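**Q** Sharing a sequence plus its predicted fold:
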Amino acid sequence: MTGEIRLARQTPVSVCQSLLEIEPLIAHRDDDLLVVMRRSAAQPETRLIGVVDDAGILVGVLPVLRLAESVIARVVPEALLSDIEDADDVARFGHAIEARKAGDAMMGRASISPEATIDQAFRIMHARHLSGLYVVDESGRPTGYLDLLELAIRYVEAIEADLPERG
């Protein structure tokens with residue numbers, strides 16, 4: 001791996017951005033969920049949609065699963081009703097069925113700065129149960145996307161490359 005970048009826990013996010021091939025998928029807060037779902041289907045490798053305001057600042061994220069549930073809840077609510085088991089499920093279903101715009105269905109902002117480390121990125125994704133994070137500049141505008149699966153694969157490859165060969 002001569003000349004290649006080796007990922008380590010303290011590698012800055014900015015270095016990782018150049019290695020990862022998944023493009024960010026951005027929606028505006030007022031975008032219709034069905035339109036967002038169609039754009040998401042055209043870019044299936046991005047599993048977390050960034051939601052921005054009119055100034056282009058990241059205000060939330062929308063996991064693809066949540067997006068699909070919101071659209072399905074509107075079209076065929078009985079498909080999700082059978083899974084309702086407790087009060088949290090009822091609340092989630094109610095929220096999903098009412099969502100019409102990306103801003104209605106989004107979760108809170110999930111982002112990281114380019115100066116942060118991949119260790120910090122992994123911790124945020126784990127704590128928030130997210131499949132990715134948006135890299136934002138100092139004003140909060142998305143500049144890139146870190147995908148958990150792709151980042152994990154690159155990280156494991158770097159660890160394996162550092163292991164002594166067994167023979």
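**A** Received it, and whenever you're ready, just let me know what you need.

**Q** Need the nearest residue in space to Leu19, chain neighbours excluded.
**A** Counting by C-beta to C-beta, 6 or more residues apart in numbering, Arg154 is the residue found nearest to Leu19 once chain neighbours are left out, at 5.8 Å. (Glycine included, C-beta is placed from N, CA and C.)

**Q** any idea which helix or strand carries that neighbour?
**A** Arg154 belongs to helix 148-162 when elements are defined using DSSP states H and E.

**Q** which other residues reach that helix?
**A** For helix 148-162, contacts defined as C-beta atoms under 8 Å, 6 or more residues apart in numbering pick out 1, 6-8, 16, 19-22, 118, 121-122, 125, 130-132.

**Q** try 10 Å
**A** Residues outside helix 148-162 that contact it (C-beta atoms under 10 Å, 6 or more residues apart in numbering): 1, 4-9, 11, 13, 16, 19-22, 45, 47-48, 118-119, 121-122, 125-126, 130-133, 147.

**Q** now do stretch 121-131
**A** With C-beta under 10 Å, 6+ apart, stretch 121-131 has contacts from 9, 11-13, 16, 46-48, 61, 63-65, 107-108, 110-112, 116-117, 132-133, 135, 146-152, 155.

**Q** Which among the residues you listed count as buried?
**A** 11, 13, 16, 46-48, 61, 63-64, 110-112, 116-117, 132-133, 135, 146-148, 150-151, 155 (16 or more other C-beta atoms under 10 Å).

**Q** Among these, name the ones in strands.
**A** Leu48, Val61, Pro63, Ser111, Ile112, Gly132, Leu133, Val135, Leu146, Asp147 (DSSP state E).
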